[in-house]
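>>> Make a model of this:
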Amino acid sequence: MKTTPKTLIYSVASLIALVIVTFISCSSDDSSTTTEEEDEAAVTELHAAFAAFNTEAVTIYLDGANVVIETTGLPNHETVYWGEGHELYKAEPDVQLTPSIMSSNNNATTITVDATPNLSGNTVATNFNTIGIAVSGASIFNDQEGGGPLDAAAASLDWTGAHIGPGVYHYHLEPKAFSDDDDKLVGILLDGVFLYGRKCNATGTYPTDLDASGGHTTATQYTNGAEEYHYHIINELYSNTGSYIAFAGPYQGY
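Residues are numbered from 1 along each chain as shown. Okay, here's the model as predicted:
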């Protein structure tokens, strides 16, 4: 019977030990790298654009990888929907009124969005009800009303493209109270992407490279020169409203 020399046994054992140590070392390095990358990607402060929101109505804070936006839903501008006697009441005799802001009992809204929008997935269609929160504190809705086109409700829209129904005061059109043919911030949508007025801050003109959602990637007044994907109100008049749809979708940031 053959025997195995001790030196060969020692060599094999040494080789096995080396492989184990190398594997452990590599695993440890990979874990360390992943942790460092995750730490670098972690969001530790709110986006600068949130400073534009109405602090009397809106509370915004980080919750892990999410941003929570809580609002009373009460806008900080004039409208007929405040009702006579309110300091922000604006007479609009041609508006076919729905209930007033003060008679609505559910203006308050909370949304939670990704602090860093996921722009690598499929587009998602908008739904009814709140699709975003405007800088004024009120909700943003899409281009539908009661399951159909907005045209049927056009007569109830106030001077800034908003009305009440269902429940909350909300914008369907370009909100002229705080963004009127300009590059100002309009709000943030449910996918975590910011919405701006019809003009681009980077060029001062209407953007010509918008995708199907009205989005593109450029620097904004809140990114300190860095480029960021964001939406614009598309510069196309909507039907007989004589104004511009705030956002029709689809979302790009889910």
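
>>> shaky segments in the stretch 1-150 of the chain?
1-41, 104-105 (pLDDT under 70).

>>> can you rerun that using 80?
Along the stretch 1-150 of the chain, the parts satisfying pLDDT under 80 run over 1-42, 103-106, 146-147.

>>> can you give me the helices in it?
6-41 (DSSP state H, counting those that start in this stretch).

>>> Please, where are all the strands along it?
Assigned by DSSP state E, counting those that start in this stretch, the stretch 1-150 of the chain shows strands spanning 58-63, 66-71, 109-114, 132-134, 139-140, 144-145, 148-149.

>>> other SSEs contacting the first one?
Okay, so that is strand 58-63. strand 66-71 (3 or more C-beta pairs under 8 Å, 6 or more residues apart in numbering; DSSP states H and E). The way it works is simple: take the backbone N, C-alpha and C, and place the C-beta from them, glycine included.

>>> and the strand it packs on, which strands flank it?
With DSSP bridges as the test, strand 66-71 is paired with strand 58-63 (antiparallel), strand 109-114 (antiparallel).

>>> I'd like to know which of those is closest to L97.
strand 109-114 (21.6 Å; C-beta to C-beta).

>>> Return the set of buried residues in that closest one.
T109, I111, V113, D114 (16 or more other C-beta atoms under 10 Å).

>>> now swap in stretch 46-58 and tell me
H47, A49, F50, A52, F53, N54, A57, V58.

>>> same deal with stretch 114-124?
D114, A115, P117.

>>> residues contacting the first one?
Listed by C-beta atoms under 8 Å, 6 or more residues apart in numbering, the contact set of D114 reads A65, N66, V67, D191, G192, G253.

>>> same thing but 10 Å
Shown in contact with D114 (C-beta atoms under 10 Å, 6 or more residues apart in numbering): V43, A65, N66, V67, L190, D191, G192, V193, G253, Y254.

>>> quick one on the thing from earlier: so for K199, which of the strands of the stretch 1-150 of the chain sits nearest?
strand 132-134 (17.4 Å).

>>> Which strands or helices does the closest one pack on?
Packed against strand 132-134 by the contact rule (3 or more C-beta pairs under 10 Å, 6 or more residues apart in numbering; DSSP states H and E) you find strand 58-63, strand 66-71, strand 109-114, strand 139-140, strand 169-171, strand 185-189, strand 194-196.

>>> Correct me if wrong: T130 contacts N106.
No - using C-beta atoms under 10 Å, T130 makes no contact with N106, being 11.0 Å away.
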